[in-house]
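Engineer: Compute the structure for the input listed below.
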Amino acid sequence: MSLPLLDRIHSPADLRALAPTDLPKLAEELRAFLVDSVAGTGGHLASNLGAVELTIALHYVFDTPADRIVWDVGHQSYAHKILTGRREAMAGLRQGGGIAGFPRRAESEYDAFGTGHSSTSISAALGMAEAFRQSGSAQRAVAVIGDGAMTAGMAFEALNNAGATDLPLLVVLNDNDMSISPNVGALNNYLARLMSGKFYAAARRAGEKVLSVAPPIRELAKRAEEHMKGMVTPGTLFEEFGFNYIGPIDGHDLDVLLDTLANIKQLDGPQFLHVVTKKGKGYAPAETNPCLYHGVARFDPAAGVADKIGGKPTYTQVFGDWLCDMAAADSRLVGITPAMREGSGLVRFSQDYPKRYFDVGIAEQHALTFAAGLACEGVKPVVAIYSTFLQRAYDQLIHDIALQNLPVMLAIDRAGLVGADGPTHAGSFDLSFLRCVPNLLIAAPSDENECRRLLTTAYQHNGPSAVRYPRGGGSGAVIDPALEPLPVGKGVVRRQGRGVALIAFGSLVTPALAAAEALDATVADMRFVKPLDLDLLRELAASHRLLVTLEENAVAGGAGAGVAEALAAAGITVALMHLGLPDRFVEHGDAQKLLAECGLDAAGIESAVRSHTH
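Structural biologist: Purely as a prediction, here's the structure:
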């Protein structure tokens, strides 16, 4: 396919050299390139297709990279990457040595802020705007935030702060969750242009000045304006925060986008632009099923993405099936997710038990305290959450759940390395930050059947609990459909060997067993990180010259550290070696290759043990 306009764009400066009449054609080419590119690499598609015109307009109107654009979340930044000199690099997107799937400051001067987690853009852009003010710079800061990210409390904290300033901050709400309503038509586009124009802003300021001498009249006029604007816009909320609200406008109409952004660029004070877009725009399968096309593996653009069914179940599917089975057995169970229904395996549960399913939005802090409130009144909440997102609710875990010893269960998905999503989404630290919390039971299953049984164990525990499991599948163990728990705090020896004992947690039991064959080593599947099986540790220390702990978590403060602390407290002296994730952020790439690079595959474990013993 010939892409003459896109071929000429190596930076936003090249984009700004085009005539405005060329931009619709560029959008068409960019959208076609996105489909072909993501089909070849995998990645986030539907949200990026919806942000094409908005990306073009922002880079066309604003003087990037001097003006800063903060993308929230990076799911919608692919067009931005293509227009900022990384079109050829898209062939290596999310692959080892290639560019990241999210904005990254170290990757490009156009990536103003790293955004892998949502709802940070307004805070960051406000900080940038204040820095520009302090230095006397005329640079502008723009936060582009999705409607999902606007559900987080952090976004509203930032709005509250920003609205109390006179900084020229622009917040663009990319609203792709609603269809383009009748409001977003010719009349409303006209009103948005009018309200973003200098004349309207000047007239409003003049009116405020005149009316300030007569407060009752001023209040009446203010209420009248709010009521009039409320007829055609949903902006009263953002006005109350102190922003000048503009929109909603059609986010696929480049003429309207360019005019409105150009007007806003001339205004002082915080501005809020509401842009309505369509996920998957321009690629029919993604428009029809944007959820399926949110994150995709490689696919044939002509055939579309297959909605895969069958094959061995992933840990996520094991959890989803267990949740439905346990809900059938216990009417007290409810399931909670912070906007990750599909990713956490809750689709069937949400359909089978709609009144016991709660998606609280991108609000991890609220999710945990909401669960705590439920638990106070005898309900049994299960919070399905990614390891990387649990980091955002650490205070609530300690203060609201563990301190009160409430029976809230955390089902922690994506524990360990996650591959293509990289360090922003890796679950590298949960064992370290969970292990120090009192009252908390922590389990790490080694295969799918053990996962189901440990989920039952944690659910039946009379206190806070967490079960952490990796992305993808395990060893393919046969799953017992019964809801049978395992003894709390008890591990099991999977292989009896000599001299060296591999003390493995969770996902590293399988490579430990493979390495043990070459080493003739003992392998213990610990099952529990807290409480540890001290009796088993005593036996292993008494009969082996070297204990090697293995975990898919940071070595610092992790399960291995717990083993060392337990042995020391018991007065047991034995040679110890700790293997786990290194003290650095592990980059994106193929998950198995990354584990090998960290020395956590069978060959790496064998090599590390041999090096230590010779």
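Engineer: distance of residue 145 from residue 614?
Structural biologist: Distance from residue 145 to residue 614, counting by Cβ to Cβ, to the nearest Å: 56 Å. For every residue, glycine as well, the C-beta is placed using N, CA and C.
Engineer: Quick check: the nearest residue to residue 441 once chain neighbours are set aside vs residue 121, distance?
Structural biologist: Ranked by Cβ to Cβ, 6 or more residues apart in numbering and with sequence neighbours excluded, the top spatial neighbour of residue 441 is residue 465, at 4.2 Å. Noted for residue 465: a distance of 34 Å to residue 121, by Cβ to Cβ.
Engineer: So between these two, which is more surrounded?
Structural biologist: The neighbour comparison of residue 465 against residue 121 (other Cβ atoms under 10 Å) goes to residue 121, with 29 against 25.
Engineer: Does that one touch residue 143 like I think?
Structural biologist: Yes: in this structure, residue 121 is within contact of residue 143 by Cβ atoms under 8 Å, at 3.9 Å.
Engineer: can you count the residues close to the closest residue to residue 68 other than its chain neighbours?
Structural biologist: Computed as Cβ to Cβ, 6+ apart, the closest residue to residue 68 that is not its neighbour in sequence is residue 112, at 3.9 Å. Applying other Cβ under 10 Å, we find 23 residues neighbouring residue 112.
Engineer: Check residue 369 too.
Structural biologist: Based on other Cβ under 10 Å, the number of other residues close to residue 369 is 19.
Engineer: thinking again about what came up before, quick check: neighbours shared by residue 121 and residue 143?
Structural biologist: The contact sets of residue 121 and residue 143 overlap at 70, 72 (Cβ atoms under 8 Å, 6 or more residues apart in numbering).
Engineer: quick one on the thing from earlier: can you give me the distance of the residue nearest to residue 441 to residue 407?
Structural biologist: For residue 465 relative to residue 407 (Cβ to Cβ), the value is 8 Å.
Engineer: Please apply the same query to residue 574.
Structural biologist: Using Cβ to Cβ, one obtains 36 Å as the distance from residue 574 to residue 407.
Engineer: With neighbour numbers in mind, choose between those two.
Structural biologist: residue 407 (23 against 16).
Engineer: Run a quick check on the more buried one versus residue 460, I expect a contact.
Structural biologist: No: taking contacts as Cβ under 8 Å, residue 407 lies outside contact range of residue 460: 9.1 Å.
Engineer: for stretch 509-520, the distance to its chain's centre please.
Structural biologist: How far stretch 509-520 lies from its chain's middle: 34 Å, per Cα atoms, centre = their mean, to the nearest Å.
Engineer: Go through that stretch and flag the buried ones.
Structural biologist: Within stretch 509-520, the residues that count as buried by 16 or more other Cβ atoms under 10 Å are 509, 510, 511, 512, 513, 515, 516, 519.
Engineer: The closest residue to the second one other than its chain neighbours: how many residues sit nearby?
Structural biologist: Leaving out its chain neighbours, the residue that sits closest to residue 510 by Cβ to Cβ, 6+ apart is residue 475, at 5.1 Å. The number of residues packed around residue 475, counting by other Cβ under 10 Å, is 14.
Engineer: Among residue 145 and residue 614, which residue is more densely surrounded?
Structural biologist: residue 145 (28 against 5).
Engineer: what about that one, which SS state?
Structural biologist: Three-state assignment for residue 145 (DSSP: H, G, I helix; E, B strand; the rest coil): strand.
Engineer: For the closest residue to it other than its chain neighbours, give me phi and psi.
Structural biologist: Of all residues not flanking residue 145 in the chain, residue 72 sits nearest, at 4.4 Å (Cβ to Cβ, 6+ apart). Backbone geometry at residue 72, expressed as degrees, to the nearest 10, gives phi -140, psi 110.
Engineer: Next: residue 358.
Structural biologist: Dihedral angles of residue 358 (phi, psi; degrees, to the nearest 10) stand at phi -130, psi 110.
Engineer: which ones are touching it?
Structural biologist: By Cβ under 8 Å, 6+ apart, the contact list for residue 358 reads 334, 335, 336, 337, 370.
Engineer: Just send those residues back as CSV, with pLDDT and distance to residue 528 too.
Structural biologist: CSV is the format used below for the contacts of residue 358 (pLDDT from 0 to 100; distance: Cβ to Cβ, whole Å):
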residue, pLDDT, distance to residue 528
334, 98, 25
335, 98, 24
336, 97, 24
337, 96, 25
370, 97, 27
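Engineer: among those residues, which are in strands?
Structural biologist: 334, 335, 336, 337 (DSSP state E).
Engineer: Let's have those residues in CSV, adding neighbour count.
Structural biologist: Putting the ones in strands among the contacts of residue 358 into CSV (neighbours: other Cβ atoms under 10 Å) gives the following:
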residue, neighbour count
334, 21
335, 26
336, 25
337, 26
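Engineer: Turn those residues into TSV, including distance to residue 539.
Structural biologist: Output for the ones in strands among the contacts of residue 358, formatted as TSV (distance: Cβ to Cβ, whole Å):
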residue	distance to residue 539
334	41
335	39
336	40
337	41
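Engineer: Between the residues you listed, which sits nearest residue 139?
Structural biologist: Nearest to residue 139 among the ones in strands among the contacts of residue 358, counting by Cβ to Cβ, is residue 337 at 38.9 Å.
Engineer: what comes up buried for stretch 95-108?
Structural biologist: 95, 98, 99, 100, 101, 102, 103, 104, 107, 108.
Engineer: got it, and stretch 313-326?
Structural biologist: Result for stretch 313-326 [16+ other Cβ under 10 Å]: buried residues 313-316, 318-326.
Engineer: tell me the SS of the most centrally placed residue in the chain?
Structural biologist: In the chain, the residue lying closest to the centroid (Cα atoms, centre = their mean) is residue 117, at 4.5 Å. Classification of residue 117 using three-state DSSP returns coil.
Engineer: can you pull the contacts of it?
Structural biologist: Contacts of residue 117 (Cβ under 8 Å, 6+ apart): 73, 388, 389, 392, 424.
Engineer: 7 Å instead?
Structural biologist: Counting by Cβ atoms under 7 Å, 6 or more residues apart in numbering, residue 117 touches residue 424.
Engineer: Check the spacing between it and residue 149 real quick.
Structural biologist: Distance, residue 117 to residue 149, using Cβ to Cβ: 9 Å.
Engineer: How are the strands of the stretch 301-450 of the chain distributed by residue range?
Structural biologist: 333-337, 357-359, 380-386, 409-413, 441-443 (DSSP state E, counting those that start in this stretch).
Engineer: Sorry, slip of the keys, the one I care about is the stretch 451-600 of the chain.
Structural biologist: Using DSSP E, counting those that start in this stretch, strands in the stretch 451-600 of the chain cover 465-468, 492-495, 499-504, 522-525, 528-530, 544-554, 575-581.
Engineer: for the stretch 51-200 of the chain, same thing?
Structural biologist: Ranges of strands in the stretch 51-200 of the chain, per DSSP E, counting those that start in this stretch, are 68-72, 141-146, 169-175.
Engineer: now these in CSV, with mean pLDDT and distance to residue 288?
Structural biologist: CSV is the format used below for the strands of the stretch 51-200 of the chain (pLDDT from 0 to 100; distance: least, Cβ to Cβ, whole Å):
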stretch, mean pLDDT, distance to residue 288
strand 68-72, 95, 25
strand 141-146, 95, 20
strand 169-175, 94, 19
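Engineer: Dump these to CSV, plus distance to residue 469.
Structural biologist: Shown next, in CSV, are the strands of the stretch 51-200 of the chain (distance: least, Cβ to Cβ, whole Å):
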stretch, distance to residue 469
strand 68-72, 28
strand 141-146, 28
strand 169-175, 33
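Engineer: Show me which pair in the buried residues of stretch 313-326 is furthest apart.
Structural biologist: 314 and 326 (18.2 Å).
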